[in-house]
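# Here's my sequence, what's the structure:
(2 chains)
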Amino acid sequence: MRTKHGGKEFCMFALPGLFCFLAVVIVPFIYGVYLTLTDWDGVASVKNFVGLENFGGVMRDSQFWTSLLLTFKYVVFVVVIVNVIAFAIAYLLTRGIKGQNFFRAGFFTPNLIGGIVLGYIWQFVFSRVFVSIGETTGWKLFEASWLSDPTNAFVALVVVSVWQLSGYMILIYVAGFMGLNEDVMEAASIDGATGWVKLKSIILPLMMSSITICLFLTLSRAFMVYDVNLSLTGGAPYGTTEMAAMHVYEKAFTSRQFGVGQAEALILFIIVAVISGLQVYLTKKQEVEA
Amino acid sequence: MKKRFASRVLTLGIAAALMLTMLTGCGVRFGFASDPDDPNEEEKTVPIDTSIDTFEYDTSLEGTSITLLNSKAEIQTALEEMGKVFEEKSGVHVEVMPVTDGDSPYTKVVSLYNSGTPPTLMILDTTDVIALAEEKGEDLSGEPWTAQAEGYLTTVNGKVYSFPLCIEGRGIIYNQKVIEDALGETFDPKTIQTQDDFVELLDRLVDAGIEKPISLAKDDWSVGAHHLQYIYETYDGTSDGAAEAIEEIKAGDLDLNKYDRMSEFLDMFDILKKYNVAKADPLGADYDEMAIDLVDGKTAFWFNGNWAWPNLQDAGAEEDEAYGFLPYFMNNDPDDFANQKIQASPSKQVMLDGQVATEEEKAAAKEFLNWIVFSEIGQQMLVKTCNIIPPFQNNPYEPSDPLSKNIYEQVHAGTTFNASAIVPNDHWSVLGAAMQKYMADRCDRKELIRDIEDYWAEQE
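Just a heads-up that it's a prediction; the model follows:
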């Protein structure tokens, strides 16, 4: 039966999807890889094959490696803080506290605002609101705009990203907590498991599937951060907060080194793919069935 | 009970969402109104006299349709208006496409070319024209308007590929009333001829109660392009000279540590830094606040160009008030042209597509350009509707806002120098960052100069 209709069904259901996937994902990707081997500047009608020269350009581009390092730092902070906060809040919001639905909606709202707009709102907060608070109260912390100091600007980026991403992750964790089997919880309680032990030995293993998803989402989103970076700091002060994705864009379109930018994008892709692949593999292994 | 709770949550959610939307509005307005090109700006329409029109239209072009890519957002509505009038007169339809925020004109043109639908005409920056001209542009050397734009044409290997749309000038904007009120005497900008004169004036203003009389934008396009490029442009005050200076720096023949324009420029920049109203946190300076400060008299000077007028107007400045430009004083020699003249040169160029456009479209586009220069209506619209300083000698109209008017008058009085440095496209962003570092006292002159040299060493 299956073999008889397989071909026809495949053509009917899978082929359109497969075609779209090929056309908008695979073909541009392969074309992109091809472009890294040429000296195309985005305009010229001839593309000369230059071999691995663009990758040599990537090696020489010290700014790219600095921005990549900064991105790693950013990813570590964002992934850890977002997941800890989201997990904790989701835990609180599934214990039946008063108004928990309102809180869930509230925490999720930042995620509904696009990154660009969000960046501008927070830019206003950091460089105007905080400064005027600093002026009235004399607090050293708010004396100057956070965005004009490299360390503070980085902190600002992390704060805003955490604020934006947490809501989404809370949603996933909440779903995870709601799906926990009451029987198992009750059994654990009867067996005398409380507080920390219950969390560590019962809840965490059962929540592993949510954690896998959340880690994957935060990892890939943090690595590819561009919009918040662009609108909040724009790389300022003096280029110290330029993340990898932004640097790639600048390289390709502002510096007009299309090939080098494309090669950097490819390297970034490989790094993100390997790290998130590894993460999914490792956390999947931890997943258990109730 | 449960239902009531759910609906309460819903209402609260909606209320929260609404509040956030309001916040969003505020955020965009106050936090980032620094975009000088606000396309939503309501323009007052200046009446155009259409009774006289001696321009000869080519009737065979009627019904042709051309597209114009506009990268100068503040004249979007004005250009649409112009296109409409031109269509009424000539029968050629002009579709004006804006470059949306976040796209650079170059990126936009490149993507349009790659999708096979380039605009017939495109308004670009000079650097972009030079990058694209020979590959994509139509040779315009033989066009009649070239005779009217003497001194303002950009050539690539001896050929003209672009139509200079406007002259833009920059310098130290002063608010005459603020200075006069503070000092209690009339202020004649001509009396300020050297760096020392300027410092003396600043000190007098400080004594008169204006604690920090200067606004200094921290944006990379300002410090990286408008400030720093003086070191090339004042080489000898011509575009050729600027190109020569750049070549010499690239080749390592011009040592920036010994180049007098470099140290003179930094001397002036240090003065601006010292009297900067945001001296405590120069990189936290806000562009909109600078316009407000200048109009309100908290400061008396702002380093910027005539494109800043819409910002000043938003901040409450009126067209009959006196604003003008002082030169970027480089030293104490009153005979040095850099201390006498302000920089003003054509900034936006219109290029005609020579690759995809049909002969008819090309002819229609050329007619449109000639119409702007030679028809009475086009001349008026360029100046009055677009509020542009025309680079064409035969255009008798004067711009109305004080900044453009000041540039216009100085161009005609011969107190401007026409030099524009053609630098790589990332010059403003890469060296803008280096300048910001210097501005925030995070590096010294030596390191800044090294950054500049490193940048040029990397260019091919």
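# For residue 202, report the pLDDT, please.
Picked chain A for this. Confidence at A:I202, expressed as pLDDT, is 86.
# oops, chain B please
What the model reports for B:L202 is a pLDDT of 95.
# A:R104 versus the closest residue to B:N418 other than its chain neighbours, what's the distance?
Leaving aside its chain neighbours, B:N418 sits nearest to B:S345 (4.7 Å; criterion: Cβ to Cβ, 6 or more residues apart in numbering or on different chains). C-beta: built from backbone N, CA, C; applies to glycine. In this view, B:S345 and A:R104 are 58 Å apart by Cβ to Cβ, to the nearest Å.
# When those two are compared, which one has more neighbours?
Residue environment comparison for B:S345 versus A:R104 gives the larger neighbour count to B:S345, 25 against 20, counting by other Cβ atoms under 10 Å in any protein chain shown.
# What residues are bridge-paired with that one?
Under the criterion DSSP bridges, B:S345 forms beta bridges with B:E168.
# Under a three-state scheme, what state does the nearest residue to B:E248 once chain neighbours are set aside occupy?
Distances taken as Cβ to Cβ, 6+ apart put B:L254 closest to B:E248, at 3.7 Å, once the chain neighbours are dropped. Here B:L254 is coil, with the state taken from DSSP: H, G, I helix; E, B strand; the rest coil.
# I'd like to know how many residues surround B:L254.
Applying other Cβ under 10 Å, we find 20 other residues in the vicinity of B:L254.
# Mark out where each domain of chain B begins and ends.
Chain B resolves into domains spanning B:59-168+B:345-415, B:170-343+B:420-458 when parsed by automatic domain parsing.
# quick one: the longest one to chain centroid distance?
Relative to its chain's centre, domain B:170-343+B:420-458 lies at 14 Å (Cα atoms, centre = their mean, to the nearest Å).
# Figure out the length between the terminal residues of it.
In terms of Cα to Cα, to the nearest Å, the two terminal residues of domain B:170-343+B:420-458 are separated by 29 Å.
# show me the residues around B:T416 that make contact.
Shown here is B:T416, whose contacts under the criterion Cβ atoms under 8 Å, 6 or more residues apart in numbering or on different chains are B:G169, B:K341, B:I342, B:Q343, B:A344, B:I407, B:Q410.
# what about the fourth one, helix or strand, and which?
B:Q343 is located in strand B:342-352, with elements delineated by DSSP states H and E.
# Provide a list of residue ranges in the chain with pLDDT below threshold.
Answering for chain A, as no chain was given. Confidence mapping of chain A against pLDDT under 70 gives the ranges A:1-5, A:290.
# Oops, wrong one, chain B.
Counting by pLDDT under 70, chain B shows low-confidence ranges at B:1-45, B:101-102.
# Around residue 247, how many other residues sit close by?
This is for chain A. Using other Cβ under 10 Å: A:H247 sits among 27 other residues.
# ah, I was thinking of chain B
Counted by other Cβ under 10 Å, the residues lying close to B:E247 total 12.
# Sticking with it, tell me its helix or strand.
Assigned by DSSP H and E, B:E247 belongs to helix B:239-251.
# how far off strand B:342-352 does that helix point, in degrees?
Orientation note: helix B:239-251 sits at an angle of 90 degrees relative to strand B:342-352 (axes from the mean of the first three to the mean of the last three Cα atoms, to 10 degrees).
# packing partners for helix B:239-251?
The criterion is 3 or more Cβ pairs under 8 Å, 6 or more residues apart in numbering or on different chains; DSSP states H and E, and the helices and strands that helix B:239-251 contacts are helix B:230-233, helix B:445-458.
# Downstream of that helix, the next helix or strand is which one?
helix B:260-274.
# Mind listing what's buried along that next one?
Neighbour-count burial for helix B:260-274, counted by 16 or more other Cβ atoms under 10 Å in any protein chain shown, picks out B:R261, B:M262, B:S263, B:E264, B:F265, B:L266, B:M268, B:F269, B:I271, B:L272, B:K273.
# Which helix or strand lies directly C-terminal to that helix?
Beyond helix B:260-274 toward the C-terminal end (DSSP H and E), the next one is helix B:287-296.
# Now that following helix: buried residues?
With burial defined by 16+ other Cβ under 10 Å, the residues of helix B:287-296 counted as buried are B:Y287, B:D288, B:E289, B:M290, B:A291, B:I292, B:D293, B:L294, B:V295.
# Could you export those residues as a markdown table, including distance to B:E360?
A markdown table is the format used below for these (distance: Cβ to Cβ, whole Å):
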| residue | distance to B:E360 |
| --- | --- |
| B:Y287 | 44 |
| B:D288 | 46 |
| B:E289 | 51 |
| B:M290 | 48 |
| B:A291 | 45 |
| B:I292 | 50 |
| B:D293 | 52 |
| B:L294 | 49 |
| B:V295 | 49 |
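# from the contacts of B:T416, which single one is nearest B:Q459?
Taking Cβ to Cβ as the measure, B:Q343 is the one of the contacts of B:T416 closest to B:Q459, at 22.8 Å.
# Check the burial of the closest one by counting its neighbours.
Applying the criterion other Cβ under 10 Å, we find 26 residues in the vicinity of B:Q343.
# Report all helices and strands that the helix or strand encompassing B:W309 contacts.
Under DSSP H and E, the secondary-structure element containing B:W309 is helix B:309-314. Of the remaining helices and strands, those touching helix B:309-314 by 3+ Cβ pairs under 8 Å, 6+ apart are helix B:287-296, helix B:402-413.
# same thing but 7 Å
Contact here means 3 or more Cβ pairs under 7 Å, 6 or more residues apart in numbering or on different chains; DSSP states H and E; on that basis helix B:309-314 packs against helix B:287-296.
# any idea how far the residue nearest to B:K384 when sequence neighbours are not counted is from B:K89?
Leaving aside its chain neighbours, B:K384 sits nearest to B:V46 (4.2 Å; criterion: Cβ to Cβ, 6+ apart). Going from B:V46 to B:K89 by Cβ to Cβ gives 18 Å.
# Repeat that for B:L431.
B:L431 sits 46 Å away from B:K89, taking Cβ to Cβ as the criterion.
# higher neighbour count, those two?
More neighbours surround B:L431 than the other of B:L431 and B:K89, with 25 against 16 (other Cβ under 10 Å).
# Now the more buried one. Nearest residue, chain neighbours left out?
Closest residue to B:L431 in three dimensions, ignoring its sequence neighbours and counting by Cβ to Cβ, 6+ apart: B:G224, at 4.7 Å.
# how far away is the residue nearest to B:N418 from chain A?
Distance, B:S345 to chain A, using Cβ to the nearest Cβ, to the nearest Å: 22 Å.
# contacting residues around that residue?
With contacts defined as Cβ atoms under 7 Å, 6 or more residues apart in numbering or on different chains, the neighbours of B:S345 are B:I167, B:N418, B:A419, B:S420.
# Following element in sequence after the strand holding B:Q343, please.
Proceeding N to C from strand B:342-352, the next assigned helix or strand is helix B:359-374, under DSSP H and E.
# So which residues make contact with the helix or strand that that next one is followed by?
From helix B:359-374 onward toward the C-terminus, using DSSP H and E, the following helix or strand is helix B:376-380. If you take Cβ under 7 Å, 6+ apart as the criterion, helix B:376-380 is touched by B:I48, B:D49, B:T50, B:I52, B:D53, B:T54, B:V85, B:W371, B:I372, B:N395, B:Y397.
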